[in-house]
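Undergrad: structure for the following, please:
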Amino acid sequence: MNFFQGRKFEELYWEKEKLQVQLYETTAQIHKLKEQQQKFAPATIQEIKLEINTENGFFVEPSFRRNIYELLEELIGEEVQTLSYPLLYNLLQNRIIEDNNKKYRLNVEAVILGETLVYYLSAKKLSVESSSLE
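TA: Prediction:
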């Protein structure tokens, strides 16, 4: 009787050992995946940079830069992947900014989307006649 039962016990013993190894491997994989998930939290916008070129090379006054930045500052903290590139582009494209009783039209040359959101803009001063028509 022991001869027949011993064989079955041995099979069960090795199956138990095999299952313990699989449990260890699976537990280790789950632990590693949880660590990676915590490390790879969604990227958010941390900083906004404005690169402004002008047609006449005039000095970009801090108040002018601040007026543009105020339009964008709500984007800080937003998840990068949830933002629509066309929305970011159209946010400033052909926008008229007033600074010290002067009006400027912005043209977006490029937008780089990442943890640092970078806008490459060109600003054109509007004449009094063209600004009153718009």
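Undergrad: C-alpha from now on. contacts and neighbour counts both.
TA: Noted.
Undergrad: where does the most centrally placed residue in the chain fall, phi/psi-wise?
TA: The C-alpha lying nearest the average C-alpha coordinate of the chain belongs to residue 80 (Cα atoms, centre = their mean; 2.1 Å). The phi/psi pair for residue 80 (degrees, to the nearest 10) reads phi -60, psi -40.
Undergrad: so residue 56 sits in a helix?
TA: No. With the criterion set as DSSP: H, G, I helix; E, B strand; the rest coil, the secondary structure at residue 56 is coil rather than a helix.
Undergrad: tell me the domain boundaries of the protein?
TA: 1-41, 47-133 (automatic domain parsing).
Undergrad: out of these, deepest packed?
TA: When the domains of the chain are scored by mean count of other Cα atoms under 10 Å, the highest mean neighbour count falls to domain 47-133 (a mean of 14).
Undergrad: give me the distance between it and the centre of its chain.
TA: The gap between the average C-alpha position of domain 47-133 and the chain average comes to 19 Å, counting by Cα atoms, centre = their mean, to the nearest Å.
Undergrad: could you do stretch 43-62 as well?
TA: For stretch 43-62, the distance between its averaged C-alpha position and the chain's averaged C-alpha position is 19 Å (Cα atoms, centre = their mean).
Undergrad: endpoint to endpoint, that stretch covers what distance?
TA: 29 Å (Cα to Cα, to the nearest Å).
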